[in-house]
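Trainee: predicted coordinates and the sequence they were generated for:
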Amino acid sequence: APPKRSVSGGVLGPDARASAGATVGVRASNVRGTTDDRGRFMLIGLTEGAHVLDASAQGFISPGPEALRGLAVEVTQQPLTDVELRLRVPGTISGKILAGGRPVQGARIGLYYLFADGLGGRLEPFALDHIATSSAAGTFTLSDLAPGRLPLEPLHTLALVGSLRDEGAAIRPSAARPVL
């Protein structure tokens, strides 16, 4: 059997404070751990090679779609001891889709991030398709969004309100901040 290696580091919240009790795992494996009161973790039992780490904690998100979420690390004979994962406070966008001044029911809402801050730094642009549909009143709410910058793109055949289509939106963390 190949020798088992370890990865250790810390999990921080967006304010750079340690995130105690966060779960850290290795994608496509059963290797998991929990951070201590200083936000430190150690994962033991990894094989040498490329792995992707992910983290989660109540009140925080690991931003990005599955393919981008996580932090790629290379495990070698030498212990990897300085991994830093940064969780983000999710944001929310609510809005209304109008055409000719009337609400549009059934408009599919998608997002295209110009950038977002991920676990290990800035993520490349990415899209999330059809993550909400407008109600009979034309309203929608998108929650658990990664902080970042994006234009909102209604996916509907009708002409839509310019401010929703053309203006970008900066997603900022919700006002309620969890206790770290």
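Mentor: Perfect, thanks for sending it.
Trainee: all helices for the protein, in order.
Mentor: Here the chain has its helices, by DSSP state H, at 162-166.
Trainee: center of it - which residue?
Mentor: The centroid of the chain falls nearest to Pro63 when counting by CA atoms, centre = their mean (0.9 Å).
Trainee: for burial, what's the neighbour tally of the residue lying closest to it once chain neighbours are set aside?
Mentor: What sits nearest to Pro63 in space, not counting adjacent residues and going by CB to CB, 6 or more residues apart in numbering, is Ala146, at 3.1 Å. All C-beta spots, glycine's among them, are computed from the backbone N, C-alpha and C. By other CB atoms under 10 Å, the residues close to Ala146 number 26.
Trainee: quick one: residues contacting Ala146.
Mentor: Ile61, Pro63, Gly64, Arg88, Pro90, Gly91, Tyr113, Ala116, Asp117, Gly118, Leu123, Ile171 (CB atoms under 8 Å, 6 or more residues apart in numbering).
Trainee: any figure for the gap between the residue nearest to the centre of the chain and Gly45?
Mentor: 27 Å (CB to CB, to the nearest Å).
Trainee: do Val26 as well
Mentor: From Val26 to Gly45 the distance is 9 Å (CB to CB).
Trainee: how about Arg17?
Mentor: 29 Å.
Trainee: ok, Asp37 touching Ala22?
Mentor: No: counting by CB atoms under 8 Å, Asp37 does not reach Ala22; the two are 11.3 Å apart.
Trainee: looking at the two, which one has more neighbours?
Mentor: Set side by side, Asp37 and Ala22 show more neighbours around Ala22, with 25 against 8, by other CB under 10 Å.
Trainee: thank you kindly, that will do.
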